[in-house]
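Colleague: Based on what follows, work out the 3D shape:
(chains A and B, ligands or ions: 2)
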Amino acid sequence: MSDAPIIIDPVLCKGCKKCITACPFDALEMQGKLAVLKPEECRACNACVKVCPFKAISSAPEKTDSNPTGLAAFKDIWVFAEQHDGKVQEVAYELLATGRRLAKERGCDLAAVVLGHNIKDSASHLIAAGADRVYIVDQPELAAYEADVYSDALHQLIAKYKPEVILAGATAIGRAFIAKVAVRAHTGLTADCTALSIDKETYLLHQTRPAFGGNIMATIMTPNHRPQMATVRPKVFKMAAPDAKRTGETLIEALKLMTARTKIIKAEHSTSTLNIAEAEIIIAGGRGLKKAENMEMLSTLAKLIGGVVGVSRACVDAGWTTAARQVGQTGKTVCPKIYIAIGISGAIQHLEGMRASDTIIAINSDPNAPIFGVADLGIVGDLFEIVPLLIDALESKS
Amino acid sequence: MHVIVCVKQVPDTTNVRINPETNTLIREGVESIINPYDEYALEEALKLKDKHGARVTVITMGPPQADIVLREAMARGADDGVLLTDRAFAGADTWATSYAIAQAIKKINPNPDLVFFGKQAIDGDTAQVGPGVSEFLNYTLITYVKALEIKGDTFIVETHMDEGTDVIEGKLPAVMTVVKEASTPRFASLGGWMIAKKADIPKWGANDVNAEPALCGLNGSPTKVVKIFAPPVKTGGMRMDGREEPKVAVEAIIKLLQDKGVA
Ligand SMILES: Cc1cc2nc3c(=O)[nH]c(=O)nc-3n(C[C@H](O)[C@H](O)[C@H](O)COP(=O)(O)OP(=O)(O)OC[C@H]3O[C@@H](n4cnc5c(N)ncnc54)[C@H](O)[C@@H]3O)c2cc1C
Ligand SMILES: Nc1ncnc2c1ncn2[C@@H]1O[C@H](COP(=O)(O)O)[C@@H](O)[C@H]1O
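Modeller: Ligands and ions are numbered 1, 2, ... in the order given. Alright, predicted model coming up:
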């Protein structure tokens, strides 16, 4: 195939099968004595190119891109600072802390963008958190989130100021309209990044994220389109302490925006909604608890040390509790001071959501459980023995 | 009413394991399934068929054997299906996938009333394709739908937001992404399978949907995967055996909690 991303020279190939085992996507197969590419599986990761001892495999030359020109006109790193009812969301501050580091690596400015109504006060906080510049669009049309209007506003700013990088929180809102903006700007968007850095030679943004349910990590770049866009889940990066002495520029933008095609007729937002991502102490249980009634132990423990109850997906699937308590890749990412994992094996998808916790304590009867790999204190033992003892000991103290 | 549902065939990632030595996915015994979230999207469409007599068309983009997910959807009640398959689509990121799917939708019906997506696909987990297609179609976008009602050309939906629920009103047409809370997907009937197995499913390539080759697949993807690696393994901290002396282990926990200013 002329448009295949990988080319295998049938003369040089000696049929050693090294490429077959090296391919993470199962995209090569043996046909007789030759390795042959299954182009529909290939992701052009070049793993096969590197292992071939006979130099029989090469990557196809890059086709000329539809929009490679004018890249140099794009500069600076932007953080989309999501706000609800005038309050900037914590994820924006987390992104500003990372954005500060990236701006240093790139040698450029860091800016924050706020869309909403009656939100001008946010600028000083964003500057203290690391922004050199804050773009504010403060208009009644933006009072409530609406995908079309938000997309229109952000896209107009991109068209006007040409940022090189845009980071946004992978929140319900960020995940929706940011993807529209990326399509409109004809650029790449990498979801749920867990690491970001600037390449020392190309100055491109390296975006690393878990793939295939967290079983592998992939590093992704957007070489020929701008801005380079990425979302990051709340709590994946750490916030920096605000610096009230920092100074920065605030620009109020007045935009002519499209009219919303939908309207919110009711918003049932409750501040009391359980948000385990905000908790300082999480007592988390897994399938090792065996049945729903045993979840009681977790809440007792949580009450004693002032924490909230979290769970692995196994407990949600079993119907023992609601998805709101699930920690992990398809649940919440958490980063509490203390995370106690009780009867949780530590599957990669679970670890993904809690490995950043300051202190991790694990109780598990299987000495080989992967959770011990991330635990600061790992207790190999029967939870039905350890946890009641722990509860007794804590009760006798209080 | 014409409703289009986009369903993806995905590996059952619960069973995907990585070989720590070679850094590669172990694919043996890994089944392909219909993306679980897309089942909720399909169910929303089938409910509209039950209630309003909507025609339900399913689309998937994938390898030739992905037609099985379309047949499964038809066995549950979808009226017809289209398989987008072409080497030119291979290696597509979310931009190029959204583009190809949007082109196919325009060919099926330039003005469908609703286009449903799952909240996200479990292999990519990006949740970007639905919003991307809404942009290409210039349709209203509603994400995380958990309840839907249609009266004439007006819809009222409940959506799942970070802080609770929004109730949103708008006019059709629209693109919606659907969450688990919406419903329990129905099973396929035996009779449904009999029909679906024999159904004629058109296979369309880039040319058939008037897709620009430079915008398809790997070439049309703004993002490029530059490296694949295994997640780092941590070795862990202090380990204690609580089987022999559980009390000592409990003391260690309490000591650590106290050191951290808790308990
Ligand atoms: C795409 C995808 C996304 C996923 N997302 C998530 C996610 O967000 N969050 C998540 O948690 N999972 C997620 N999973 C599921 C994940 O792969 C695991 O299946 C799940 O985390 C396992 O939960 P568990 O540790 O409770 O159960 P198990 O793996 O069954 O572990 C139970 C543990 O309890 C221990 N145990 C049993 N009895 C006792 C006892 N008496 N005393 C002490 N220990 C005992 C066992 O040794 C075992 O280690 C996802 C999977 C996929 C494929
Ligand atoms: N190849 C595909 N074929 C059909 N639908 C798809 C495809 N990829 C993604 N989708 C749809 O887009 C949704 C979001 O996918 P993703 O953006 O990959 O998380 C899925 O739930 C599907 O409804």
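Colleague: what about the residue of the stretch 251-398 of chain A found nearest chain B, how many residues close to it?
Modeller: Residue of the stretch 251-398 of chain A nearest chain B, by Cβ to the nearest Cβ: residue A:381 (2.9 Å). For glycine as for every other residue, the C-beta is placed from the backbone atoms N, C-alpha and C. Residue A:381 has 23 neighbours, counted by other Cβ atoms under 10 Å in any protein chain shown.
Colleague: SS state for residue A:78?
Modeller: Classification of residue A:78 using DSSP: H, G, I helix; E, B strand; the rest coil returns strand.
Colleague: wait, isn't it in contact with residue A:108?
Modeller: No: counting by Cβ atoms under 8 Å, residue A:78 does not reach residue A:108; the two are 10.4 Å apart.
Colleague: Neighbour count: the two, which is higher?
Modeller: residue A:78 (27 against 18).
Colleague: For the residue lying closest to the more buried one once chain neighbours are set aside, give me its contacts.
Modeller: Sequence neighbours aside, residue A:163 is the residue nearest to residue A:78 in space, at 4.3 Å (criterion: Cβ to Cβ, 6 or more residues apart in numbering or on different chains). Counting by Cβ atoms under 8 Å, 6 or more residues apart in numbering or on different chains, residue A:163 touches A:74-78, A:111, A:226-227.
Colleague: if we can go back for a sec, do me a favour and get the backbone dihedrals for the residue of the stretch 251-398 of chain A closest to chain B.
Modeller: phi 180, psi 180 (degrees, to the nearest 10).
Colleague: Any figure for the gap between it and ligand 2?
Modeller: Separation of residue A:381 from ligand 2 (Cβ to the nearest ligand atom, to the nearest Å): 40 Å.
Colleague: check contacts around that residue.
Modeller: Residue A:381 neighbours (Cβ under 8 Å, 6+ apart): A:363-365, B:241-243, B:246, B:249.
Colleague: same thing but at 6 Å, please
Modeller: B:242-243, B:246, B:249 (Cβ atoms under 6 Å, 6 or more residues apart in numbering or on different chains).
Colleague: Same list, those residues, but as JSON lines with distance to residue B:164 please.
Modeller: Listed next are the contacts of residue A:381 as JSON lines, based on distance: Cβ to Cβ, whole Å:
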{"residue": "B:242", "distance to residue B:164": "41"}
{"residue": "B:243", "distance to residue B:164": "45"}
{"residue": "B:246", "distance to residue B:164": "42"}
{"residue": "B:249", "distance to residue B:164": "41"}
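Colleague: What about those, which are in helices?
Modeller: B:246, B:249 (DSSP state H).
Colleague: what would the contacts of residue A:381 look like in CSV with distance to chain A, neighbour count and pLDDT?
Modeller: As requested, the contacts of residue A:381 are arranged in CSV below (distance: Cβ to the nearest Cβ, whole Å; neighbours: other Cβ atoms under 10 Å in any protein chain shown; pLDDT from 0 to 100):
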residue, distance to chain A, neighbour count, pLDDT
B:242, 3, 24, 90
B:243, 5, 15, 91
B:246, 5, 20, 93
B:249, 5, 24, 94
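Colleague: Quick check: the farthest pair among the contacts of residue A:381?
Modeller: B:243 and B:249 (8.8 Å; Cβ to Cβ).
Colleague: mind checking how far the nearest residue to residue B:209 once chain neighbours are set aside is from ligand 2?
Modeller: Distance criterion Cβ to Cβ, 6+ apart; nearest residue to residue B:209, sequence neighbours excluded, is residue B:103 at 4.0 Å. Per Cβ to the nearest ligand atom, residue B:103 is found 13 Å from ligand 2.
Colleague: With residue B:196 instead?
Modeller: Counting by Cβ to the nearest ligand atom, the gap from residue B:196 to ligand 2 is 17 Å.
Colleague: which element is that residue on?
Modeller: Using DSSP states H and E, residue B:196 maps to helix B:190-198.
Colleague: what's the answer for residue B:10, then?
Modeller: For residue B:10, the host element (DSSP H and E) is strand B:9-11.
Colleague: and if you look at residue A:299?
Modeller: Using DSSP H and E, the element containing residue A:299 is helix A:295-305.
Colleague: hmm, that helix touching ligand 1?
Modeller: No: shown here: helix A:295-305 not in contact with ligand 1 (Cβ under 6 Å from any ligand atom), separated by at least 11.1 Å.
Colleague: how about the residue nearest to the spatial centre of chain B, what does it touch?
Modeller: The residue lying closest to the centre of chain B (Cα atoms, centre = their mean) is residue B:121, at 3.2 Å. Contacts for residue B:121 (Cβ under 6 Å, 6+ apart) come out as B:8, B:10, B:35.
Colleague: and it, what pLDDT?
Modeller: The per-residue pLDDT reported for residue B:121 equals 91.
Colleague: Could you check how far it is from chain A?
Modeller: Noted for residue B:121: a distance of 11 Å to chain A, by Cβ to the nearest Cβ, to the nearest Å.
Colleague: mind checking the SS state of that residue?
Modeller: Reduced to three states by three-state DSSP, residue B:121 is coil.
Colleague: what's the next secondary structure element after the longest helix anywhere in chain A?
Modeller: When chain A is parsed with DSSP H, its longest helix is helix A:90-106. Beyond helix A:90-106 in the direction of the C-terminus, DSSP H and E gives the next helix or strand as strand A:110-116.
Colleague: Run me through the strand neighbours of that next one, direction for each.
Modeller: With DSSP bridges as the test, strand A:110-116 is paired with strand A:77-80 (parallel), strand A:133-138 (parallel).
Colleague: Tell me the residues of the stretch 251-398 of chain A that contact ligand 1?
Modeller: Near ligand 1, when you scan the stretch 251-398 of chain A using Cβ under 6 Å from any ligand atom, you find A:286-288, A:312-314, A:326-331, A:343-345, A:347, A:349-350, A:353, A:363-366, A:369, A:382-384.
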